[in-house]
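Q: Predicted model and sequence follow; I will ask about them next.
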Amino acid sequence: MQRNALECIGPERILYGTDNPIFYMRGRRQWHGRSYVNRCSYPFHFNKDRESPEVEATYTLYMYEALKALRAACDDLGLERHQIEKLFHGNAARLICPEHDLT
């Protein structure tokens, strides 16, 4: 999904953000086409189809999974450092304080 957004919208028009506190949970997101299932090691109402304890023990924070996917999308598209910096800081700074455009 990140790659599609980067290709269609461009890194100069995207702001990175997270869905906290969900992103501080340990788990992983499994994509099935355009839909997904959030897996975690806690018996939440949405986590009906649990994985084995061995698999759940390997879960990391959703935050890390999201950053890993974004990094992979940036690498796949060959984005340069200045484009990636826009995603994480420059675009937001430009919106908040346009007279200090860092591009």
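A: Perfect, thanks for sending it.

Q: contacts for the longest helix seen in the chain?
A: Across the chain, the helix with the greatest residue count (assigned by DSSP state H) is helix 62-77. Taking contacts as CB atoms under 8 Å, 6 or more residues apart in numbering, the residues outside helix 62-77 that touch it are 1-3, 6-7, 11, 16, 18, 22-29, 38, 83-84, 87. Bear in mind the C-beta positions are built from the backbone N, C-alpha and C, glycine included.

Q: Apply 7 Å and report the result again.
A: For helix 62-77, the surrounding residues in contact (CB atoms under 7 Å, 6 or more residues apart in numbering) are 2-3, 6-7, 18, 22-25, 27-29, 84.

Q: buried set for that helix?
A: By 16 or more other CB atoms under 10 Å, the buried positions in helix 62-77 come out as 62, 65-66, 70, 73-74.

Q: Go through the residues you listed and say which is closest to residue 48.
A: Distance to residue 48 across those (CB to CB) is lowest for residue 62, with 18.2 Å.

Q: State the distance from the closest one to residue 81.
A: 25 Å (CB to CB, to the nearest Å).

Q: which element is residue 27 on?
A: Using DSSP states H and E, residue 27 sits in strand 26-32.

Q: Tell me how far that strand lies from the chain's centre.
A: Distance of strand 26-32 from its chain centroid, counting by CA atoms, centre = their mean, to the nearest Å, is 12 Å.

Q: Could you report the separation of the residue nearest to the spatial centre of the chain from residue 27?
A: By CA atoms, centre = their mean, the chain has its centre lying nearest to residue 66, at 3.0 Å. For residue 66, the distance to residue 27 (CB to CB) stands at 11 Å.
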